[in-house]
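Novice: just a sequence and a predicted model for now, questions to come.
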Amino acid sequence: MPMYQPSTRREADMKLDSHVLDLETAVKDDILGGGCGVISTAFALEKLDLKIMIEELESMDMPTVFICPISLEPMQDPVTLCTGQTYERSNILKWFSLGHYTCPTTMQELWDDSVTPNKTLQQLIYSWFSQKYLTMKKRSEDVQGRVKEVLENLKKVKGQARVQALKELRQVVQAHGTAKKTVVENGGIGLISSLLGPFTTHAVGSEVIGVLVNLNLDLNSMSDLLQPAKISLMVDILNEGSIETKINCTRLIGMLMEGNDFASANVASLSLLVGLLRLVKDKKHRNGVLAGLSLLKTICSRESVRNSFVNVGAVPQLVELMPGLNNECLESVLYILELLSSIPEGRLALKDCPNTIPNVVKLLMKASENCTQFALSILWAICKFAPEECASLAVDAGLAAKLLLVIQSGYNPVLKQRSAELLKLCSLNYTATIFISKCKLTRTIQ
């Protein structure tokens, strides 16, 4: 909403305060803002509620002359003071009730505390909101009508015509909230889902997925989409589609798996895991990286899946992915690696990856506290797993100094305790003198 700036009052304000305008002049001179054109008289047929219109058009930019300088909200009952400034009636009366007898905008003392209804401005406000509201409603009705036509069309057409109909529907539901509601209310989810199957082309499947990912799916719809043939098609499209299609597939599968343990166990095929790894490695598309990591977190929460994920080479690929990621993506990668470090195969893969320890040590105290927590957990797991080999590598990578920083930080006591235990574990293979020299610690820290 525009902020009120009393020092830069528009010429329109002066005209409105002097009551020289009728509605047509105001619109023609563009005083209402936004190039409204000729005012529709449709609202005269049915009295529209200004309060409701303001609430539904809240996010729309509006002329600053409509804004009360006190509340910075659109005025419904504007009144003008003797200073010529206009306010919402309830706001200025509250100002007076607090013992203020000045104009809030100019801070002039009032020589007359009466308020005069600004009927011209009130009529302009009502007219502007009425026109915008009716235009919005008309557009909404047009969208609803078009959605119904497309849904009926989908029952008849095939081939390229079906692809084009689905593409139009996808674009409409992405742009209009009313379109999503219309699809749901007219049985569109079931119709669109029925187009997915073992013989569905990828062109049709990509558009179907693009529509479904924008809708609120109920339990029955999700159960239908979890059929093996449909999941298999989604995974195939994820592996072969465009980047937009890959992201849509990932998000849709994530929606189906959310809070559904059965789905998590049955959806997580090797082909899906490989497809997601390809997606997250494509750093040119940040949205794809984030969507892929989000789904991998969900999948890896199932312990039975972790061994399969390790077997497809996930650990070294995720370790190499870390440099250059933002904090949100880093947290996701470290969270997944921490889960994988809970199984022997995961710990072995982390140990055997040459960049695990250097990359993880660098993240201590460098990103978020969550990143530090996950990093400590991973380092503890692999150093405990192979202390003689990994502890020395960690010390050479600068782990000891980082652990001392964590211990002295404002992090929670659990992290500090884990840091102290890891520091002790790393020191077991050294004499005190050698350990201190290895750590390159100053005499003060010693």
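Specialist: Structure received. As the structure is a computational prediction, the values presented were derived from the model and not from experiment.
Novice: and the strands in this structure, which stretches?
Specialist: Remark: strands assigned in the chain by DSSP state E are 78-80, 86-88, 116-117.
Novice: export those strands to CSV and tack on mean pLDDT and distance to Lys51?
Specialist: Where you see a C-beta, it was placed from the backbone N, CA and C, and this is true even at glycine. Formatted as CSV, the strands of the chain follow (pLDDT from 0 to 100; distance: least, C-beta to C-beta, whole Å):
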stretch, mean pLDDT, distance to Lys51
strand 78-80, 94, 14
strand 86-88, 93, 12
strand 116-117, 93, 17
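Novice: looking at these, which is nearest to Met322?
Specialist: strand 86-88 (54.3 Å; C-beta to C-beta).
Novice: helices or strands next to the closest one in the packing?
Specialist: strand 78-80 (3 or more C-beta pairs under 8 Å, 6 or more residues apart in numbering; DSSP states H and E).
Novice: same for the strand it packs on, what does it pack against?
Specialist: Other helices and strands packing on strand 78-80, by 3+ C-beta pairs under 8 Å, 6+ apart, are strand 86-88, helix 89-97, strand 116-117, helix 119-154.
Novice: do you know which of those lies nearest Leu215?
Specialist: Per C-beta to C-beta, nearest to Leu215 of the helices and strands packed on strand 78-80: helix 119-154, 11.6 Å.
Novice: closest to Met234 out of the strands of the chain?
Specialist: Of all the strands of the chain, it is strand 86-88 that lies closest to Met234, at 53.0 Å by C-beta to C-beta.
Novice: how about residues contacting the closest one?
Specialist: Strand 86-88 is touched from outside by 16-17, 68-71, 73, 75-81, 95, 104, 118, 121, with contacts defined as C-beta atoms under 8 Å, 6 or more residues apart in numbering.
Novice: what's the neighbour count on Asp113?
Specialist: By other C-beta atoms under 10 Å, the residues close to Asp113 number 10.
Novice: ditto for Pro74
Specialist: Pro74: 23 neighbours (other C-beta under 10 Å).
Novice: picking that back up, Glu338: which of the helices and strands packed on strand 78-80 is closest?
Specialist: The nearest among the helices and strands packed on strand 78-80, by C-beta to C-beta, is helix 119-154 at 44.8 Å.
Novice: before we move on, back to that, among the helices and strands packed on strand 78-80, which comes closest to Glu345?
Specialist: The closest of the helices and strands packed on strand 78-80 to Glu345 is helix 119-154. By C-beta to C-beta, the value is 46.6 Å.
Novice: next, the buried residues of that closest one.
Specialist: If you call a residue buried by 16 or more other C-beta atoms under 10 Å, then helix 119-154 has these buried ones: 120-122, 124-134, 140, 143-144, 146-147, 150-151, 153-154.
Novice: quick one: find the helix or strand in this protein with the lowest mean pLDDT.
Specialist: helix 11-17 (a mean of 39; mean pLDDT, DSSP states H and E).
Novice: picking that back up, any chance of the strands of the chain in TSV, with distance to Lys366 too?
Specialist: Below are these laid out as TSV (distance: least, C-beta to C-beta, whole Å):
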stretch	distance to Lys366
strand 78-80	55
strand 86-88	51
strand 116-117	62
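Novice: who touches Met53 in this structure?
Specialist: So Met53 contacts Phe129, Ser130, Lys132, Tyr133 (C-beta under 8 Å, 6+ apart).
Novice: repeat the analysis, applying 10 Å as the threshold.
Specialist: Going by C-beta atoms under 10 Å, 6 or more residues apart in numbering, Met53 touches 43, 74, 76, 125-126, 128-134, 136.
Novice: out of these, flag the one nearest to Leu256.
Specialist: Nearest to Leu256 out of these is Met136 (C-beta to C-beta; 33.6 Å).
Novice: hmm, Leu57 and that closest one touching each other?
Specialist: Yes: with contacts counted by C-beta atoms under 10 Å, Met136 reaches Leu57, the gap being 7.0 Å.
Novice: got the contact list for the nearest residue to Thr372 once chain neighbours are set aside?
Specialist: Of all residues not flanking Thr372 in the chain, Leu364 sits nearest, at 5.5 Å (C-beta to C-beta, 6 or more residues apart in numbering). Residues near Leu364 by C-beta under 10 Å, 6+ apart: 371-373, 375-376, 379, 398-399, 401-403, 405-406, 419.
Novice: one more pass at 8 Å, please.
Specialist: By C-beta under 8 Å, 6+ apart, the residues touching Leu364 are Thr372, Ala375, Leu376, Leu399, Lys402, Leu403, Leu405, Val406.
Novice: over to Lys148?
Specialist: Thr182, Asn186.
Novice: again, but for Lys155
Specialist: Leu191 are the contacts of Lys155 under C-beta under 8 Å, 6+ apart.
Novice: again, only this time at 10 Å
Specialist: Applying C-beta under 10 Å, 6+ apart, one finds that Lys155 lies in contact with Leu191, Ser194.
Novice: can you tell me how far the most far-flung residue of the chain relative to its centre is from Pro104?
Specialist: In terms of distance from the mean C-alpha position of the chain, Trp111 ranks first, at 52.7 Å (C-alpha atoms, centre = their mean). Look at Trp111 and Pro104: by C-beta to C-beta, to the nearest Å, they are 16 Å apart.
Novice: kindly report the same for Phe199.
Specialist: 70 Å.
Novice: neighbour count winner among those two?
Specialist: Pro104 (18 against 7).
Novice: quick one: contacts for the more buried one?
Specialist: By C-beta under 10 Å, 6+ apart, Pro104 lies in contact with Pro6, Cys68, Pro69, Ile70, Leu81, Thr83, Gln85, Tyr87, Asn91, Ile92, Trp95.
Novice: which of those residues are buried?
Specialist: Cys68, Pro69, Ile70, Leu81, Thr83, Gln85, Tyr87, Asn91, Ile92, Trp95.
Novice: who's in contact with the nearest residue to the third one once chain neighbours are set aside?
Specialist: If you skip the residues right next to it in sequence, Ile70 has Asn91 as its closest partner in space, 4.1 Å away by C-beta to C-beta, 6+ apart. When contacts are counted by C-beta under 10 Å, 6+ apart, Asn91 is found next to Cys68, Pro69, Ile70, Ser71, Leu72, Glu73, Met75, Asp77, Val79, Pro104.
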